[in-house]
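Undergrad: Build me a model from this:
(one chain, ligands or ions: 1)
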Amino acid sequence: LPPLPPQSVIGILGGGQLGRMLIMAAARLGFRCHVYCQTQDEPAAQIAQCVSLGSFDDQAALEKFARDCDVVTAEWENVPVAGLQAIAAITPVLPTPAIMAIAQDRLQEKMLARSLGLGTADFIAIDSAAALAEAMQRIPSPAILKTRRMGYDGKGQIRITPPPDAKLLWQQIGETPAILEAMVDFTAEISVIVARGQDGAIKPFPVTRNLHQNGILAESHVPSGLPAALESEAIAAAILLAEKLDLCGLLAVEMFVRSSPDANGRHILINEIAPRPHNSGHWTMDACATSQFEQLVRAIAGLPLGTTDLRGSAVMFNLIGAAALEREKWLSTPNAHLHLYGKDEIREGRKMGHVTLVQENK
Ligand code: AMP
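TA: Have a look, this model is predicted:
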């Protein structure tokens, strides 16, 4: 495909903060954005040049949206695959619906990682209380039961504590296809975001070390502080996934670092993949030559990817719930870059914004 000329329209499925920051990056490169989301006042809808409101199941509305777009991407990875395919019949969808289908299902993600020789936590697919009872014999607690679909920010998962009762757990998880996963004794959680262009050029961002609280990302740190060999293993894993998926766009790969290698000498376990900008990459806006959002725009527009060199060290804090009220404090902190998402109502556990502290290299 030839590169998209300026003024082309990038369609964004989903109206959250990832879409909002994507629009700002796209605008800088001369593009327009058309957001498809469910309600008027979502963070991305507030600043889009054009908004279509509709359900993600409404094929006719999605097709109408597609006809206005030169390329479509998703800032929310759970758009039903039928809708993605309907759009793809009209205009390119990047990353492709096939990639998004894998990322929507924890079982498929893990099977993909395994098929490429990458490590994952031990897991068993579950589709009934009886299957769960049997799996719990093979993966005893501490373990974690996760829905295959629609989980995010620690939702859709239950940590199993003894005495485990399979029938009750099956009810609690909503009697929906799930996986039982062994608890990993990790020394660090990290992520690697990698971009791949239409020409196959590939650029990883530096490895980020992530801290979670209550299943929600709280902080990201770069550099990760991990030994170079571990960083190389993590980056190689992300690149392998992007290449095998024949990605065009962005892929975020969340990983666990084990304290000791497994039988195959691997320290890295793949936890999840997301074919979109990722919360753990927000620091790229303030501490990298090219942000993850601009990189996605470049990739799907057929433009050259930017350099991803780190300008210094960075720490990103999510502003969750009432933490967003500390606006003035961050605005008067040197080297702090404040980002607010335009959400009206502060709710517990809601991501309202983030702040990145950057220490530039001298
Ligand atoms: P997830 O939705 O799979 O990313 O899980 C959210 C968070 O729960 C992760 O970032 C970890 O902190 C924790 N977690 C998930 N799965 C495991 C596991 N198998 N072992 C240990 N911690 C886990």
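Undergrad: Contacts only, for the residue in the chain positioned nearest to the ligand.
TA: The nearest approach of the chain to the ligand comes at Val184, 3.7 Å away (C-beta to the nearest ligand atom). From N, CA and C alone the C-beta is placed, and that goes for glycine too. Neighbouring residues of Val184 by C-beta atoms under 8 Å, 6 or more residues apart in numbering: 121, 256, 258, 269.
Undergrad: Narrow those to those in strands?
TA: Using DSSP state E, the members of the contacts of Val184 that fall in strands are 256, 258, 269.
Undergrad: If you rank the residues you listed by neighbours, which is first?
TA: With neighbours taken as other C-beta atoms under 10 Å, the top of the ones in strands among the contacts of Val184 is Leu269, carrying 21 neighbours.
Undergrad: How much space separates that residue from Val71?
TA: The spacing between Leu269 and Val71, counted by C-beta to C-beta, to the nearest Å, is 33 Å.
Undergrad: Same question for Asp344.
TA: From Asp344 to Val71 the distance is 31 Å (C-beta to C-beta).
Undergrad: what about these two, which has more around it?
TA: The residue with more neighbours, out of Asp344 and Val71, is Val71; 21 against 6, by other C-beta under 10 Å.
Undergrad: Check which residues of stretch 234-242 are buried.
TA: 234-235, 237-242 (16 or more other C-beta atoms under 10 Å).
Undergrad: and that stretch, what's its mean pLDDT?
TA: The pLDDT scores in stretch 234-242 average 98.
Undergrad: do the same with stretch 67-83
TA: Stretch 67-83 shows an average pLDDT of 97 in the prediction.
Undergrad: what's the first-to-last distance across it?
TA: Terminal residues of stretch 67-83 lie 14 Å apart, using C-alpha to C-alpha, to the nearest Å.
Undergrad: buried ones in it?
TA: Within stretch 67-83, the residues that count as buried by 16+ other C-beta under 10 Å are 68-80, 83.
Undergrad: again, but for stretch 239-254
TA: Those would be 239-242, 245, 247-254, for stretch 239-254 by 16+ other C-beta under 10 Å.
Undergrad: And what about Leu296, helix, strand or coil?
TA: Classification of Leu296 by DSSP: H, G, I helix; E, B strand; the rest coil places it in helix.
Undergrad: ok, it - how many residues close by?
TA: Applying other C-beta under 10 Å, we find 30 residues neighbouring Leu296.
Undergrad: next one: the one 10 residues further on
TA: The number of residues packed around Gly306, counting by other C-beta under 10 Å, is 16.
Undergrad: Give me the secondary structure label for it.
TA: Applying three-state DSSP: Gly306 is coil.
Undergrad: In a helix, Ala234, correct?
TA: Yes. Under three-state DSSP, Ala234 sits within a helix.
Undergrad: That one: what's it in contact with?
TA: 190, 192, 207, 226, 253, 255, 257, 268.
Undergrad: of all the residues you listed, which two lie farthest apart?
TA: The most widely separated members of the contacts of Ala234, counting by C-beta to C-beta, are Leu226 and Val253 (14.8 Å).
Undergrad: Show me what from this protein comes close to the ligand.
TA: 121, 144, 151, 154, 181, 183-184, 189, 212, 215, 254, 271-272 (C-beta under 6 Å from any ligand atom).
Undergrad: Who are the packing partners of the helix or strand of the chain with the lowest mean pLDDT?
TA: In the chain, the helix or strand scored least confidently by mean pLDDT, DSSP states H and E is strand 157-160, which has a mean of 89. Strand 157-160 sits against strand 143-147, helix 166-172, with contacts defined as 3 or more C-beta pairs under 8 Å, 6 or more residues apart in numbering; DSSP states H and E.
Undergrad: could those be laid out in JSON lines, adding mean neighbour count and mean pLDDT?
TA: Formatted as JSON lines, these follow (neighbours: other C-beta atoms under 10 Å; pLDDT from 0 to 100):
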{"stretch": "strand 143-147", "mean neighbour count": "21", "mean pLDDT": "94"}
{"stretch": "helix 166-172", "mean neighbour count": "15", "mean pLDDT": "92"}
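Undergrad: Can you lay out those as TSV showing distance to Leu132?
TA: Below are these laid out as TSV (distance: least, C-beta to C-beta, whole Å):
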stretch	distance to Leu132
strand 143-147	7
helix 166-172	4
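Undergrad: And these: which comes nearest Arg298?
TA: Going by C-beta to C-beta, the one of the helices and strands packed on strand 157-160 nearest Arg298 is strand 143-147, 33.5 Å.
Undergrad: what are the pairing partners of that closest one, and which direction each?
TA: The strands that strand 143-147 pairs with in its sheet are strand 157-160 (antiparallel), strand 178-182 (antiparallel) (by DSSP bridges).
Undergrad: Among those, show me which one is buried the most.
TA: With neighbours defined as mean count of other C-beta atoms under 10 Å, the strands paired with strand 143-147 peak in mean count at strand 178-182, which reaches a mean of 23.
Undergrad: That strand: what's the following helix or strand?
TA: strand 186-196 (DSSP states H and E).
Undergrad: Check which residues of that following strand are buried.
TA: By neighbour count on 16+ other C-beta under 10 Å, the buried set for strand 186-196 is 186, 188-196.
Undergrad: quick one, what contacts Val79?
TA: 13-14, 56, 100.
Undergrad: go with 10 Å
TA: For Val79, the contacting residues are 13-14, 36, 56-57, 62, 72, 87, 93, 97, 100, 104, by C-beta atoms under 10 Å, 6 or more residues apart in numbering.
Undergrad: With that, I have no additional questions.
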